[in-house]
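[1] the following block contains a protein sequence and its predicted model.
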Amino acid sequence: MYGFYAAFLQQIFCSASQMLPKPLDILRKGLKSLQDKVAVKKDHLLAQLADKKSITSLDEHWPLTTLRIFL
């Protein structure tokens, strides 16, 4: 009877721990999201500069303002 309960509890705890996201996975997902946002902004600004359009002073310093949000 003990073996049944041990196997049952082991199955519950193993499946529950597999469903929880790991901290490193959460950080990787956040980093990927930030990299994607930065790439989109960079492409937008480079397109504006290629079209000889002016950009704001805030846009000139966008990497610093972006990082300040996360610090």
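    Yep, that arrived.
[2] so where is this protein shaky, pLDDT-wise?
    The chain contains residues with pLDDT under 70 at 1-6, 8-20, 64-71.
[3] which elements pack onto the longest helix anywhere in it?
    If you go by DSSP state H, the chain has its longest helix at helix 23-50. Helices and strands touching helix 23-50, as assessed by 3 or more Cβ pairs under 8 Å, 6 or more residues apart in numbering; DSSP states H and E, comprise helix 62-70. (C-beta placed from N, C-alpha, C; glycine too.)
[4] where does Pro21 land in three-state SS?
    Three-state call for Pro21 (DSSP: H, G, I helix; E, B strand; the rest coil): coil.
[5] next secondary structure after the longest helix of the chain?
    helix 57-60 (DSSP states H and E).
[6] show me which residues of that following helix are buried.
    Within helix 57-60, no residue counts as buried by 16 or more other Cβ atoms under 10 Å.
[7] output that helix as PDB, nothing but the C-alphas.
    The C-alpha trace of helix 57-60 is given here as PDB (Å, rounded to 0.1, in the frame of the first residue of the first chain):
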ATOM      1  CA  SER A  57      16.200  64.000 -29.800                       C
ATOM      2  CA  LEU A  58      14.300  61.400 -27.800                       C
ATOM      3  CA  ASP A  59      14.600  59.000 -30.700                       C
ATOM      4  CA  GLU A  60      18.400  59.700 -30.800                       C
END
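[8] give me phi/psi at Thr56?
    phi -80, psi 160 (degrees, to the nearest 10).
[9] one more: Asp51?
    The phi/psi pair for Asp51 (degrees, to the nearest 10) is phi -90, psi 10.
[10] burial measure for it, as a count.
    7 (other Cβ atoms under 10 Å).
[11] please apply the same query to the one 3 residues further on.
    Summarising burial for Ser54: neighbours were counted as other Cβ under 10 Å, giving 7.
[12] distance check, it against Asp43.
    17 Å (Cβ to Cβ, to the nearest Å).
[13] then Gly30?
    21 Å.
[14] before we move on, what about Pro23?
    Taking Cβ to Cβ, one finds Pro23 at 31 Å from Asp43.
[15] what of Arg28?
    22 Å.
[16] cool, and Leu58?
    Taking Cβ to Cβ, one finds Leu58 at 17 Å from Asp43.
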